[in-house]
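Student: 3D, please:
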Amino acid sequence: MTDTRHLVVVGNGMVGHRLVSALRDRDERGAWRVTVLGEEPRQAYDRVALSSYVDGKSEEELRLAELVDPLVDLRLGDPAVAVDRGRRTVTTASGAELTYDALVLATGSVPFVPPVPGRDLPNCFVYRTLDDLDAIKAGAAAAV
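Tutor: Next up is the predicted model:
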């Protein structure tokens, strides 16, 4: 094996997951080690199918294939909080500082909530993550 390079992927959604999977499939020499930083405390899942979670599909059924690879370090619940491009480092919420040879920002989206009165009241929800859907289901159950 040659000198290993380090790729840091900020984001553990569908795109980041697919990128890492494709890289590992093609990197037969093991030239790249990868660190994935995920904001959520769970493995990547199919966000497109979130509606099926409300209909009863489980988190496990929505989960994307686990990346079991000694060259992949998946850090869940520890998002990136700073990038220093000059030093080529990423700092995580836990204070870890990672150096990188290549950096991919696959952070996805942030839900837009219109700036209208009441947007911060209880039972006003966004619909983007499994945690969001769990909050919606809990709010609906309490309203019955």
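Student: Show me where the chain has its strands.
Tutor: Residue ranges of the strands in the chain, as given by DSSP state E, are 5-10, 32-38, 72-76, 80-84, 89-92, 97-99, 102-105.
Student: For residue 118, which of those is the nearest?
Tutor: When these are compared by Cβ to Cβ, strand 80-84 sits nearest residue 118, at 30.5 Å. For every residue, glycine as well, the C-beta is placed using N, CA and C.
Student: With only the CA atoms kept, save that closest one in PDB.
Tutor: Provided in PDB are the C-alpha atoms of strand 80-84 (Å, rounded to 0.1, in the frame of the first residue of the first chain):
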ATOM      1  CA  ALA A  80     -18.200  19.600  12.000                       C
ATOM      2  CA  VAL A  81     -18.200  23.000  13.500                       C
ATOM      3  CA  ALA A  82     -15.300  24.600  11.800                       C
ATOM      4  CA  VAL A  83     -13.200  24.200   8.700                       C
ATOM      5  CA  ASP A  84      -9.700  25.800   8.300                       C
END
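Student: which helices and strands does that strand pack with?
Tutor: If you count contacts as 3 or more Cβ pairs under 8 Å, 6 or more residues apart in numbering; DSSP states H and E, strand 80-84 packs onto strand 5-10, strand 89-92.
Student: for the longest one, packing partners?
Tutor: Here strand 5-10 is seen to pack against helix 14-26, strand 32-38, strand 80-84, strand 97-99, strand 102-105 when contacts are counted using 3+ Cβ pairs under 8 Å, 6+ apart.
Student: Can you check what angle separates that strand from strand 80-84?
Tutor: Strand 5-10 and strand 80-84 are oriented at 130 degrees to each other (axes from the mean of the first three to the mean of the last three Cα atoms, to 10 degrees).
Student: List the buried residues for strand 5-10?
Tutor: Going by neighbour count (16 or more other Cβ atoms under 10 Å), the buried part of strand 5-10 is 6, 7, 8, 9, 10.
Student: quick one: which two of those residues are the most distant?
Tutor: Within those, 6 and 10 form the most distant pair, 13.3 Å apart (Cβ to Cβ).
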